[in-house]
Every structure is written in C-alpha cells, then in structure tokens.
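only the shape, not the letters, is given here:
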C-alpha cells in the first residue's frame, strides 16, 4: 500500500501591537497564498482596529498595502515577526 503525505501549508505568524494602548494580537496567515499587506490590514480593520486609517511598521519601516510580504523579507522562515500598529 502506497501512502502519500500532503505537505502542511506553512504559515506566517504575526505578533501585532497597537501602539495607543499596548494591546497585542497574533494572526496566522498561510504563506502559500502569497498575500499582500492589504490582506492583513483588512483583517485588522475588521477585528482589531476599526478606525479608517492606520499604519503598520516592521523593523522600523512603514509597510505599504500594495506590496507582498516577501517584498519586506517576511516569510514562514522568518521568526518572531513583530508589527507595530499606529
């Protein structure tokens, strides 16, 4: 009998801290879907930060909605991904 194993999807784990009150949220996103930063911002807007405009920072750098995570060197191989929400 031959069994084939499907590889589990790899996830990018984000730890996001809201600067105004220090509240933190952790979000897992499947890496294979190759999302843009906008996907994460839309998720945050719905569940964590209802104000219309905010910015995300990674390693002191503003990350923009139009770019993919890979543009900023963010992947499932990157550990301890901490974002600041302002």
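Received it, and whenever you're ready, just let me know what you need. Keep in mind that this is a model prediction, so the values were computed, not measured.

ranges for the helices of the chain?
Counting by DSSP state H, the segments of the chain that form helices are 37-47.

for it, which residue is closest to the average position?
To find the centre residue of the chain, average its C-alpha atoms and take the closest one (C-alpha atoms, centre = their mean): that gives residue 14, at 4.8 Å.

residue contacts, the residue nearest to that one when sequence neighbours are not counted?
Once its chain neighbours are removed from consideration, residue 14 has its nearest residue in residue 27; the separation is 4.8 Å (C-beta to C-beta, 6 or more residues apart in numbering). For every residue, glycine as well, the C-beta is placed using N, CA and C. Contacts for residue 27 (C-beta atoms under 8 Å, 6 or more residues apart in numbering) come out as 13-14, 16, 40, 43-44.

report the contact partners of the residue nearest to the centre of the chain.
26-29, 40, 81-83.

pLDDT for the residues you listed - can I get that in CSV?
Shown next, in CSV, are those (pLDDT from 0 to 100):
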residue, pLDDT
26, 94
27, 92
28, 90
29, 89
40, 92
81, 94
82, 96
83, 95
